[in-house]
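Student: kindly return the folded structure for what I paste below:
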Amino acid sequence: MIEPGKVNKQHDLHMRSRKQLELTGVQNVESFDSEEFLLRTELGHLTIRGSHLHIKNLSLENGILSLEGNVHSLIYLDPGTQAKNKGFLGKIFK
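Tutor: From the prediction side, this is the model:
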């Protein structure tokens with residue numbers, strides 16, 4: 001039985017040959033460029049690093065994101081920790 005007030009969160013990630021990623025449970029794209037994406041998912045923040053990364057499909061209403069490029073790493077931040085600001089100013093003031 002599901003406890004009242006507890007929501008069943010779901011987040012899936014499918015990778016093909018380290019070249020294509022399909023994600024569900026995406027709430028927001030915090031920042032992105034061709035080498036790094038910072039996402040907020042149902043289960044916490046996710047950093048995707050690689051080269052030549054670009055968005056193939058994005059639907060925040062449905063929580064779906066598809067990426068293409070060369071994927072080097074996937075890093076989940078522990079729930080409750082704040083994601084680093086990797087926007088323009090965050091990169092200038094490392």
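Student: just give the closest residue to the residue nearest to the spatial centre of the chain, not the sequence neighbours.
Tutor: Nearest to the centroid of the C-alpha atoms of the chain, with distances taken as C-alpha atoms, centre = their mean, sits Leu39, at 3.1 Å. With C-beta to C-beta, 6 or more residues apart in numbering as the measure, Leu46 is the residue that lies nearest to Leu39, at 4.7 Å, once sequence neighbours are left out. (Each C-beta comes from the backbone N, C-alpha and C, glycine too.)
Student: for the one you found, give me the pLDDT.
Tutor: Model confidence at Leu46, expressed as pLDDT, equals 96.
Student: swap in Lys91?
Tutor: Spelled out, the predicted local distance difference test score at Lys91 is 52.
Student: against Leu46, how distant is Leu60?
Tutor: Distance of Leu60 to Leu46, computed by C-beta to C-beta, to the nearest Å: 15 Å.
Student: out of those two, which sits in the busier spot?
Tutor: More crowded of Leu60 and Leu46, by other C-beta atoms under 10 Å: Leu46, with 22 against 11.
Student: give me the longest strand you can find in this structure.
Tutor: In the chain, ranked by residue count with DSSP state E as the criterion, the top strand is strand 44-59.
Student: before we move on, the earlier item: identify the residues contacting the one helix or strand the residue nearest to the centre of the chain maps to?
Tutor: Remark: Leu39 resides in strand 36-41, with elements defined by DSSP states H and E. Around strand 36-41, the neighbours that count as contacts under C-beta atoms under 8 Å, 6 or more residues apart in numbering are 11, 23, 25-32, 45-50, 53, 65, 67, 83-84, 86.
Student: try stretch 8-16
Tutor: If you take C-beta under 8 Å, 6+ apart as the criterion, stretch 8-16 is touched by Ile2, Leu21, Glu22, Leu23, Thr24, Gly25, Val26, Thr41, Glu42, Leu43, Val71, Leu74.
Student: for these, give me TSV that also has secondary structure, distance to Met15 and neighbour count.
Tutor: Output for the contacts of stretch 8-16, formatted as TSV (DSSP: H, G, I helix; E, B strand; the rest coil; distance: C-beta to C-beta, whole Å; neighbours: other C-beta atoms under 10 Å):
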residue	secondary structure	distance to Met15	neighbour count
Ile2	coil	30	7
Leu21	strand	5	21
Glu22	strand	8	15
Leu23	strand	9	22
Thr24	strand	13	15
Gly25	coil	15	18
Val26	strand	15	20
Thr41	strand	15	21
Glu42	coil	18	15
Leu43	coil	17	14
Val71	strand	6	20
Leu74	strand	8	15
